[in-house]
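Engineer: How does the following fold in three dimensions:
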Amino acid sequence: MRFDVITLFPELFAPFLASGVTRRAYASGQVEVRLWNPRDHAEGNYRRVDDRPFGGGPGMVMMAEPLSRCLAAIRADRAEAAGQTAPVVLFSPTGQVLDHAGVTRWSGSAGAILLCGRYEGIDQRFIDAHVQMQLSLGDFVLSGGEIPAMALLDAVARLQPGVLNDEGSHQFDSFNEALDGLLDCPHYTRPEEWNGLRVPAPLLSGHHVQIERWRRDQRLSITAQHRPELIDAARAQGLLGKADEAVLAKNGNLL
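Structural biologist: Next up, the predicted model:
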């Protein structure tokens, strides 16, 4: 799996790629990340990559030509065969919001070319000519696409075999199919009592069925409170049993 990142600030990625548990995916080559600066493909003494927008207005716009040359260099380096070109992904407020299902699809892909915009945006002509997909982290604006690119890389890397200490760890993340798409339950560790607050008794019981029922109840209650649409989705798929519905009804969450 290879991700080529087009960014004016490749230095932002250096500590990210060398830190945390996901560094294993990058160090092993399971997820290969190559950084490309469009300034290296710009002309003139100042290597200019942006200019003022036609029609006036604040800010600057990234120019199409340096990006086009940078993309051509990536294509050549990847030695892509006809019909096997990696998709160009732009991080943009107009894009589809990245979710667990999307991350799962990317984790099994051959990678992509990630385009990190800056300033007021990118010349639309380059987008129209080369971008196949746009992604967003949500309804807010960031200074550039580097943080969304890191978010995608991190989410994909942690799903690769051998990256997490516990192979099955990610299977019990929020939104995962193993949890029927629900949010995860609270977690506790030592000591059993902290500042007068005790760990819930079921978790100390040693009774596996009781523990799993407590965790399921917590997932249902938390999801119904914070993301009720996920309860609707689980119910529509027939994933909620009678005991689940009883918990929701008891908490006033029977939708």
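Engineer: Can you give the contact residues for whichever strand in the chain runs longest?
Structural biologist: Residue-count comparison of every strand in the chain, with assignments taken from DSSP state E, identifies strand 88-97 as the longest. The set of residues external to strand 88-97 that reach it, using CB atoms under 8 Å, 6 or more residues apart in numbering, is 71, 102, 112-117, 121-122, 127, 130-139, 141, 145, 148-149. Backbone N, C-alpha and C define where each C-beta goes, glycine included.
Engineer: before we move on, what about stretch 114-127?
Structural biologist: For stretch 114-127, the surrounding residues in contact (CB under 8 Å, 6+ apart) are 3-9, 50, 53, 57-64, 67-68, 88-92, 131, 143-146, 148-149, 152.
Engineer: Stretch 101-113 too?
Structural biologist: For stretch 101-113, the external contacting residues (CB under 8 Å, 6+ apart) are 1-6, 31-32, 71, 74, 86-89, 96, 133, 135, 152, 155-156, 159-160.
Engineer: What pLDDT is listed against Gly144?
Structural biologist: Residue-level confidence at Gly144 comes out at 97, pLDDT.
Engineer: got the contact list for the residue nearest the centre of the chain?
Structural biologist: By CA atoms, centre = their mean, the chain has its centre lying nearest to Leu152, at 3.5 Å. With contact taken as CB under 8 Å, 6+ apart, Leu152 is in contact with 98, 103, 106, 114, 135.
Engineer: try it again with 7 Å
Structural biologist: By CB atoms under 7 Å, 6 or more residues apart in numbering, the contact set of Leu152 is 98, 106.
Engineer: what is the mean pLDDT for the longest strand of the chain?
Structural biologist: On average, the pLDDT along strand 88-97 is 96.
Engineer: Can you name the next helix or strand after that strand?
Structural biologist: Scanning forward in sequence from strand 88-97, with DSSP states H and E defining helices and strands, the next element found is helix 100-107.
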